[in-house]
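Enquirer: Just a sequence and a predicted model for now, questions to come.
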Amino acid sequence: MISFVVPAYNEERLLGRTLTSIHEAARAAAEPYEILVVDDASTDSTAEIGRRHGARVLTVSFRQIARTRNAGARAASGSILVFVDADTRIAAETVRATLRAIHQGAAGGGADVRFDGTLPLWAVVLIPVLGTLMRAGRLAAGCYLFCSRGAFERTGGFDETLFAAEEIAFSRALAAWGPVVILRETVVTSGRKLRSHTGWDVLRLFGGFLKRGTRVVRDRERLSIWYGERQHDHEEMREKDHA
């Protein structure tokens, strides 16, 4: 069985379309599956939407993505774990490729990532470079990350001392137990963070990495891009789920 683990914090606008895409992809792949929405202290209708779309909802109050993903994995029943962000759509061919990779001995991996909507120039330039570096380093993007149950347990899961870049650390940990595969098949994730933050915001963040190293990703207060108040995104509003 595949367990799709969907961490979510105040995701009422986009969660419905994500869950619909998971159902459609998993059914087309003809593999038994379950969906767990891990609702991390949401104050909107995230949990209700999760249940309405056939997911099991696990409620936690961490406000930390690593702990939230780990909680979902530990509550899941499947031998294959697929972590999908609440603003990300997946397709059947990506699920099929995931199954092939696991059955051929991969410990885990990720997929090629595309961003929806109109992106600022700085993101148009930077994203392809970042994608090439991550593929070369066999590092999975957090919006779609898979692994076998055995590999998850051997690594101990996501590093709960990290408030960001936990998928990078997890990819490296997986590589100690088997191949990490970055699929050519794609997922589509929201470009809202790229639209709602400037290039200077990103440069300041990377400057913090260079100056303080991993201390930055261990401090929630320095990671407003992920943990600060969510910025308004006109394109997200147009895609709001009304189901």
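Expert: Now that the structure is in, tell me what you want to look at.

Enquirer: where's Arg195 relative to Val124, distance?
Expert: Look at Arg195 and Val124: by CB to CB, to the nearest Å, they are 12 Å apart. Using the backbone N, CA and C atoms, a C-beta is placed for each residue, glycine as well.

Enquirer: State the distance from the most centrally placed residue in the chain to Thr59.
Expert: What sits nearest the mean C-alpha location of the chain, by CA atoms, centre = their mean, is Cys143, with 2.5 Å. Here Cys143 is placed at a distance of 22 Å from Thr59 (CB to CB).

Enquirer: Repeat that for Val188.
Expert: 27 Å.

Enquirer: hey, where'd the helices end up in the chain?
Expert: With DSSP state H as the criterion, the chain has helices at 15-29, 46-52, 65-75, 92-103, 121-136, 149-155, 166-175, 192-196, 199-212, 224-227, 234-238.

Enquirer: Worst mean pLDDT among the ones you listed?
Expert: Ranked by mean pLDDT, the helices of the chain bottom out at helix 234-238, which scores a mean of 57.

Enquirer: returning to what we had before: more neighbours, Val188 and Thr59?
Expert: Comparing Val188 with Thr59 by neighbour count (other CB atoms under 10 Å), the higher total belongs to Val188, at 19 against 13.

Enquirer: OK, contacts around the more buried one?
Expert: 88-89, 113-116 (CB atoms under 8 Å, 6 or more residues apart in numbering).

Enquirer: what sits opposite it in the beta ladder?
Expert: Beta-bridge pairing for Val188 (DSSP bridges): Arg89, Arg114.

Enquirer: measure it to Arg74 for me?
Expert: From Val188 to Arg74 the distance is 28 Å (CB to CB).

Enquirer: Then Val125?
Expert: 39 Å.

Enquirer: With mean neighbour count and distance to Val37 as extra columns, can I get the helices of the chain in a markdown table?
Expert: Conversion of those to a markdown table gives the following (neighbours: other CB atoms under 10 Å; distance: least, CB to CB, whole Å):
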| stretch | mean neighbour count | distance to Val37 |
| --- | --- | --- |
| helix 15-29 | 20 | 7 |
| helix 46-52 | 19 | 4 |
| helix 65-75 | 22 | 8 |
| helix 92-103 | 19 | 18 |
| helix 121-136 | 13 | 26 |
| helix 149-155 | 18 | 19 |
| helix 166-175 | 22 | 19 |
| helix 192-196 | 20 | 19 |
| helix 199-212 | 13 | 28 |
| helix 224-227 | 16 | 19 |
| helix 234-238 | 13 | 19 |
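
Enquirer: tell me the contacts of Phe146?
Expert: Per CB under 8 Å, 6+ apart, neighbours of Phe146: 80-83, 98, 101-102, 108-110, 140.

Enquirer: now do 10 Å
Expert: Counting by CB atoms under 10 Å, 6 or more residues apart in numbering, Phe146 makes contact with 2, 4, 80-84, 94-95, 97-99, 101-102, 106-111, 140, 152, 174, 181, 183.
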